[in-house]
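[1] with the sequence up front, the predicted model follows.
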Amino acid sequence: MPFTQYAENQFLNLFTGNSYQAFPTGLYAALFSVAPTKTLPGTEFVDGTGSPYAKGYSRGKLTFNSSTTSVATANTEAYFPHGALISQSATISGSTSNWPAAVAVGLFDAASGGNLWAYNSTGSNPPVGVEGYSIRWANGGITVGFV
């Protein structure tokens with residue numbers, strides 16, 4: 001997953017001994033209908049009023065393994081509405097309205113609001129939540145690292 005400009009600035013400020021914001025105590029996976037970039041926020045799914053509307057959507061909390069190889073892998077499942085999960089093999093289970101295509105996934109430092117730290121595309125065939133179902137990826141499908 002590429003890091004955002006915000007995340008890179010925090011890492012560089014820490015490394016150079018300059019002032020930086022507190023690092024996240026948790027990371028939350030989010031789905032996007034328009035992919036974020038290093039400097040642009042993209043368009044996250046919305047539950048309630050707004051667009052793109054995805055009834056029942058909320059961010060899913062992840063925990064990561066400790067890294068010794070410059071890569072950290074999520075070691076828990078991120079739950080989306082009605083037991084939906086995030087990982088590499090998309091399955092469908094439990095949404096309450098049609099959702100837009102999930103073209104990207106991002107990692108925030110808060111369950112709502114907060115700062116986007118990293119993001120990535122879901123690939124050339126993005127999953128779409130159909131009424132009565134949710135999007136799921138398997139455990140271990142999200143990795144973050146320096147390359």
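    Good, I have the coordinates. The structure presented is a predicted model; accordingly, all values stated were derived computationally and were not measured.
[2] got a pLDDT number for Ala138?
    Ala138 is assigned a predicted lDDT (pLDDT) of 60.
[3] only alpha carbons, please: show the longest strand along the chain as CSV.
    Longest strand in the chain, counting residues (DSSP state E): strand 27-34. C-alpha atoms of strand 27-34 as CSV (Å, rounded to 0.1, in the frame of the first residue of the first chain):
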residue,chain,number,x,y,z
LEU,A,27,-6.0,1.6,12.0
TYR,A,28,-9.4,1.3,10.3
ALA,A,29,-10.0,0.0,6.8
ALA,A,30,-12.2,2.1,4.6
LEU,A,31,-13.7,1.5,1.1
PHE,A,32,-13.7,4.1,-1.7
SER,A,33,-15.8,4.6,-4.8
VAL,A,34,-13.1,7.0,-6.1
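[4] and it, what's its mean pLDDT?
    89.
[5] outside of that strand, which residues touch it?
    42-45, 52, 54, 57, 59-64, 74, 78, 80, 86, 99-111, 114, 116-117, 119, 135, 142 (CB atoms under 8 Å, 6 or more residues apart in numbering). C-beta coordinates here come from the backbone N, C-alpha and C atoms, glycine included.
[6] mind listing what it pairs with, with the direction of each?
    strand 43-44 (antiparallel), strand 60-62 (antiparallel), strand 104-108 (antiparallel) (DSSP bridges).
[7] and of the ones you listed, who's closest to Tyr6?
    Between Tyr6 and those, the tightest spacing by CB to CB is seen for strand 104-108, at 10.6 Å.
[8] residues making contact with the closest one?
    1, 27-32, 34-36, 42, 44, 59, 62, 86, 114-122, 142, 144.
[9] from those, which would you call buried?
    Neighbour counting with 16 or more other CB atoms under 10 Å marks 1, 27-32, 35-36, 42, 44, 59, 62, 86, 114, 116-120, 122, 142, 144 as buried within the contacts of strand 104-108.
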